[in-house]
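Colleague: got a structure for you, letters missing:
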């Protein structure tokens, strides 16, 4: 975990963290959870963001308090704090020395890789991912999603695509606000793909985590993939049947052929087309049906959480 990420956790208001840990704080004091306490003897110093019990001498900062109350080690306590406050912390890092094959891949790497080294989520991205889509913070960290606001004050979500070895190969930008209309059409597109992006299969690094005979879910689009990952499934995604090339999946055949493949096709024509395309390549793929009135797995997941 990077130093600046730890500082984010240490800077969390300690009395707010104490409340989340089940402690009742009044006038900067609470009953000490570390000894039998009948009168509040644990005090908080909000200026220093620390705590101290004047009976048992328990003391420390935000992470120390979390470790001691939850009886977790340092790493587990940091993870709990990050998840509770939707703070991005490092889970894995892209390959440091990508093998550049073409000029376009070099353009993507040199221009965009820096944005995903330390991902940041603005308010609009947090609302979309955590409140509307109900996604798990660990999934967002794994996927290294980033956000930015353009010169028109339009918020965007940046979605990096990596190859199986962790080399950045593409970027998909998703608009997070509703733009003005020109007639019946939106002024700005919902998705943008920078020049040189290869956005055909998403979340390929997860394949290295899978062993022979394990389940892999194939989603139609990144949102479905995030929902599947948040529900505990290992998943990759294909953003569009029109972007998919048979050579993309055939290149993964040695790995995919050893796995149990599953899919929830979107309840529309493109979803059916993608499923049939996959069925041709992988006849053993198992089809799952979405509940009535749900267009895709992401919608179903959000409605059930």
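Modeller: Received the coordinates, thanks. Bear in mind that the values here come from a model prediction, so they are computed numbers and not experimental data.

Colleague: the helix or strand hosting residue 216 packs against which elements?
Modeller: Per DSSP states H and E: residue 216 is located in strand 215-219. Under the contact definition 3 or more C-beta pairs under 8 Å, 6 or more residues apart in numbering; DSSP states H and E, strand 215-219 sits against helix 222-230, strand 235-237, strand 260-263. From N, CA and C alone the C-beta is placed, and that goes for glycine too.

Colleague: pull the distance from the longest one to the chain's centre.
Modeller: On the basis of C-alpha atoms, centre = their mean, to the nearest Å, helix 222-230 is displaced by 9 Å from the centre of the chain it belongs to.

Colleague: can we start the residue count at 8 from this point?
Modeller: Right, with 8 as the first residue, what we last looked at is helix 229-237.

Colleague: that one vs strand 222-226, what angle?
Modeller: On the basis of axes from the mean of the first three to the mean of the last three C-alpha atoms, to 10 degrees, helix 229-237 is oriented at 160 degrees to strand 222-226.

Colleague: which elements pack onto helix 229-237?
Modeller: In this structure, helix 229-237 packs against helix 144-150, strand 222-226, strand 242-244, helix 304-310, with contacts taken as 3+ C-beta pairs under 8 Å, 6+ apart.

Colleague: and the ones you listed, which one is worst for confidence?
Modeller: Ranked on mean pLDDT, the bottom entry among the helices and strands packed on helix 229-237 is helix 144-150, at a mean of 91.

Colleague: TSV for the helices and strands packed on strand 222-226, including mean neighbour count?
Modeller: Below are those laid out as TSV (neighbours: other C-beta atoms under 10 Å):
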stretch	mean neighbour count
helix 229-237	25
strand 242-244	23
strand 267-270	19
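
Colleague: format these as JSON lines; extra columns: distance to residue 211.
Modeller: Listed next are the helices and strands packed on strand 222-226 as JSON lines, based on distance: least, C-beta to C-beta, whole Å:
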{"stretch": "helix 229-237", "distance to residue 211": "11"}
{"stretch": "strand 242-244", "distance to residue 211": "6"}
{"stretch": "strand 267-270", "distance to residue 211": "15"}
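
Colleague: all strands of the chain, in order?
Modeller: 36-37, 49-52, 57-60, 66-67, 153-156, 162-169, 175-182, 188-189, 192-193, 198-199, 222-226, 242-244, 267-270, 293-294 (DSSP state E).

Colleague: got a markdown table for these, with distance to residue 16 too?
Modeller: Compiled in a markdown table, the strands of the chain are given as follows (distance: least, C-beta to C-beta, whole Å):
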| stretch | distance to residue 16 |
| --- | --- |
| strand 36-37 | 20 |
| strand 49-52 | 17 |
| strand 57-60 | 14 |
| strand 66-67 | 13 |
| strand 153-156 | 20 |
| strand 162-169 | 24 |
| strand 175-182 | 27 |
| strand 188-189 | 43 |
| strand 192-193 | 39 |
| strand 198-199 | 33 |
| strand 222-226 | 32 |
| strand 242-244 | 29 |
| strand 267-270 | 36 |
| strand 293-294 | 41 |
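
Colleague: to residue 77, which of those lies closest?
Modeller: Nearest to residue 77, of all those, is strand 66-67, at 13.4 Å by C-beta to C-beta.

Colleague: columns distance to residue 27 on top of the helices and strands packed on helix 229-237, output as TSV?
Modeller: Compiled in TSV, those are given as follows (distance: least, C-beta to C-beta, whole Å):
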stretch	distance to residue 27
helix 144-150	14
strand 222-226	32
strand 242-244	30
helix 304-310	24
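
Colleague: coming back round to it: who touches the strand holding residue 223?
Modeller: Defining contact as C-beta atoms under 8 Å, 6 or more residues apart in numbering, one finds that strand 222-226 is touched by 214, 217, 232, 234-235, 240-245, 263, 266-271, 285, 292, 304.

Colleague: next, the buried residues of it.
Modeller: 223, 224, 225, 226 (16 or more other C-beta atoms under 10 Å).

Colleague: stretch 276-292 too?
Modeller: 278, 280, 281, 282, 285, 289, 292.

Colleague: ditto for stretch 164-181
Modeller: 164-171, 174-181.

Colleague: point to the residue nearest the middle of this protein.
Modeller: In the chain, the centroid-proximal residue (C-alpha atoms, centre = their mean) is residue 147; its distance is 1.0 Å.
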